[in-house]
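[1] Sequence and predicted model, in that order:
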Amino acid sequence: MAEKELSSLLQQLHHSLSSHNYSSSKQLLSRAKLALLQINALVPTSETPQTHLVRAREVLELGALISIRLQDPESFTRYFQQLQLFYSLPEDRLPREGGNASKTTGLYLLLLLSQGDYAGFHTLLEGLEIAE
């Protein structure tokens with residue numbers, strides 16, 4: 001039941017993002033996070049199925065992008081911090097393709113710069129891996 005609802009909510013979130021209709025996005029994100037809680041996927045564990053991890057990452061990335069569109073840096077920061085749990089998973093647990101780690105991290109770096117948090121910017125920048 002929660003998985004079907006989550007699929008529907010993801011479609012609605014993608015639609016609200018593409019149509020620039022952010023009025024209902026916060027409510028959709030709350031419902032999507034509740035659905036993730038019901039399937040035990042909001043925080044990744046070793047028992048969490050890969051499909052649930054992919055959907056959870058997608059919900060959180062959409063939340064981060066919508067937060068940027070709503071000009072809500074605090075919410076964006078919370079989403080970015082939640083995403084770090086997913087971005088740190090090994091490739092065999094959660095494939096990198098299909099995700100927006102580079103985009104989200106780049107936006108967070110820009111946020112740190114715009115807020116004058118140069119120490120945070122450099123700390124995050126030094127921790128990034130170089131793709132070969």
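    Structure's in. What do you need? Numbering: from 1, shown residues only.
[2] only C-alpha atoms for contact and neighbour calcs from this point on.
    Noted.
[3] what's near enough to touch Phe76?
    Listed by C-alpha atoms under 8 Å, 6 or more residues apart in numbering, the contact partners of Phe76 are 63-65, 67-68.
[4] Give me the subset of those that lies in helices.
    63-65, 67-68 (DSSP state H).
[5] what pLDDT, on average, does stretch 102-116 get?
    Averaged across stretch 102-116, pLDDT comes to 95.
[6] re earlier: please tabulate the contacts of Phe76 in CSV, including the columns distance to Ala119.
    Formatted as CSV, the contacts of Phe76 follow (distance: C-alpha to C-alpha, whole Å):
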residue, distance to Ala119
Gly63, 25
Ala64, 22
Leu65, 24
Ser67, 23
Ile68, 22
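[7] For Glu74, give its distance to Ile68.
    In this view, Glu74 and Ile68 are 10 Å apart by C-alpha to C-alpha, to the nearest Å.
[8] Who has more neighbours out of the two?
    More crowded of Glu74 and Ile68, by other C-alpha atoms under 10 Å: Ile68, with 18 against 11.
[9] as a whole number, average confidence for the helix or strand hosting Glu74?
    Counting by DSSP states H and E, the element that carries Glu74 is helix 73-87. For helix 73-87, mean pLDDT is 96.
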